[in-house]
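Engineer: Sequence and predicted structure, then a few things I'm wondering about:
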Amino acid sequence: MLQERIEQIMKEGRESLATVSTAADFEAWETRYLGRKSELNEILKGLKDLSPEEKRLIGPLGNRVKQELAAAFAVAKETIFERNIDWEAERIDVTAPGHPIVPCGHLHPVTLIEHRIQDIFLSMGFSIADGPEAESEWYNFDALNFPKDHPARDMQDTFFIRQEKKSQHRFVPRTHTSGVQVRYMEAHKPPFRVIVPGRVFRNEATDASHEHTFHQFECFMVAEEGMVTVATFKHVAETFFSAFFNEKVSVRLRPSFFPFTEPSFEFDISCVLCGAQGCPTCKQTGWLEIGGAGMINQHVFESAGYRRGQYQGFAWGFGVTRLALMKYRISDIRLLMSGDLRFIRQFQQ
Ligand code: DAH
């Protein structure tokens, strides 16, 4: 009886398997013939209640049928699965170029310019120094010989920070990198030549050529009295700008005033856009205004603790941001800090 029933199950199972085609049908078939509660399994579970002779007959038969049905099921499933594969869609083109796994970021155009400037100065034997962006009023102004309550402090459109208590140390978002001169002098003894790249902040009405946050460069060189002169400055500046623009650039000085230099200059470079012939950028003059410079005021040396008259040196500062605008011919300074990735991505290298 049982033996026939098992053979019957085998036959039914095989026949119904041939008609199965959907995933749901497969699942139902598997539960029905191979599942824990399948008839065949129930029979096998009941083996223990049978007589020894029956056990010897039914046990191996039941197990064989179970294995055969399982094998048939695996083959059928595999076949159906293969039939359903869209081979075209599965085709792998081993010659196709790969996709970058992680999209890579890149340097900001101002950083690219900073790196280039640093490379040139390093090749000329300069060191690179750094200072805090939140600077004490002492380093930003007093140490640089800006008189207290003198309009010279307004020259720089400072963002003043509201302070609860009038303590001795007031801080400002630094308006220039010049304060690092004194910080560096306090920690080093001349001779030295140093550059200080840095971000600075001004309370300015912004327009295409003015931004409240921009990048500057300070460059200074100090040695014993008489070793570093205005001529040294002019030579260093011409060497630097010629290397930067890859062409011969001349520097022109005009008298000016800065509290921390004496004498002081504004300096221009020959226009690199028109070869000093005159163009809209240089307003037909052949010269581009670049920055300020001068011989370091002895008051500044005194702020750093040096003896008056012992050392002599030049200092100059200029806007890295302006150089970036010139180099990449960007017409609006505000694009640089706008955070607009469509603009920034153009500088991927
Ligand atoms: N710190 C000045 C500014 O931001 C620029 C400057 C002028 C720097 C003359 C100097 C200098 O080192 O000698 O406007």
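Structural biologist: Perfect, thanks for sending it.
Engineer: Phi, psi for F301 please.
Structural biologist: phi -60, psi -40 (degrees, to the nearest 10).
Engineer: count of neighbours near it?
Structural biologist: 22 (other C-beta atoms under 10 Å). (Each C-beta comes from the backbone N, C-alpha and C, glycine too.)
Engineer: Quick one: name the residues of this structure near the ligand.
Structural biologist: Residues of the chain found near the ligand, taking C-beta under 6 Å from any ligand atom as the criterion, are H176, S178, E218, F258, T261, G291, G292, A293, G294, A315, W316, G317.
Engineer: For the residue of the stretch 151-300 of the chain found nearest the ligand, which residues are in contact?
Structural biologist: Here the stretch 151-300 of the chain gets closest to the ligand at one residue, G292, 2.5 Å apart by C-beta to the nearest ligand atom. Residues in contact with G292, defined by C-beta atoms under 8 Å, 6 or more residues apart in numbering, are S256, F258, T261, S264, F265, E266, F267, W316, G317, F318.
Engineer: Just the buried subset of these, please.
Structural biologist: Restricting these to buried positions leaves F258, T261, S264, F265, E266, F267, W316, G317, F318, with burial counted as 16 or more other C-beta atoms under 10 Å.
Engineer: okay, and for the chain, where does confidence drop off?
Structural biologist: 152, 154-156, 165-168 (pLDDT under 70).
Engineer: Going along the chain, name the strands of it.
Structural biologist: Here the chain has its strands, by DSSP state E, at 127-128, 134-136, 171-173, 192-201, 213-224, 251-258, 261-270, 287-296, 311-319.
Engineer: Now render those strands as a markdown table, adding distance to S338.
Structural biologist: Output for the strands of the chain, formatted as a markdown table (distance: least, C-beta to C-beta, whole Å):
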| stretch | distance to S338 |
| --- | --- |
| strand 127-128 | 28 |
| strand 134-136 | 24 |
| strand 171-173 | 19 |
| strand 192-201 | 16 |
| strand 213-224 | 11 |
| strand 251-258 | 31 |
| strand 261-270 | 27 |
| strand 287-296 | 24 |
| strand 311-319 | 17 |
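Engineer: The ones you listed: which one's closest to M337?
Structural biologist: Among these, the nearest to M337 by C-beta to C-beta is strand 213-224 (5.7 Å).
Engineer: residues of that closest one that come out buried?
Structural biologist: F214, H215, Q216, F217, E218, C219, F220, M221, V222.
Engineer: Hey, what's the angle from it to strand 287-296? Just curious.
Structural biologist: When axes from the mean of the first three to the mean of the last three C-alpha atoms, to 10 degrees is applied, the directions of strand 213-224 and strand 287-296 differ by 40 degrees.
Engineer: Just list what strand 213-224 packs against, helices and strands only.
Structural biologist: Packing contacts for strand 213-224, counted by 3 or more C-beta pairs under 8 Å, 6 or more residues apart in numbering; DSSP states H and E, involve helix 109-123, helix 179-187, strand 192-201, helix 230-245, strand 311-319, helix 320-328.
Engineer: change it to 10 Å
Structural biologist: helix 109-123, helix 179-187, strand 192-201, helix 230-245, strand 287-296, helix 298-303, strand 311-319, helix 320-328 (3 or more C-beta pairs under 10 Å, 6 or more residues apart in numbering; DSSP states H and E).
Engineer: ok, and what's touching the second one?
Structural biologist: So the one you mean is helix 179-187. By C-beta atoms under 10 Å, 6 or more residues apart in numbering, the residues outside helix 179-187 that reach it are 127, 129-132, 135-144, 172, 174, 192, 194-198, 200, 218-220, 222, 260, 296, 300-301, 303-306, 311, 313, 315, 317.
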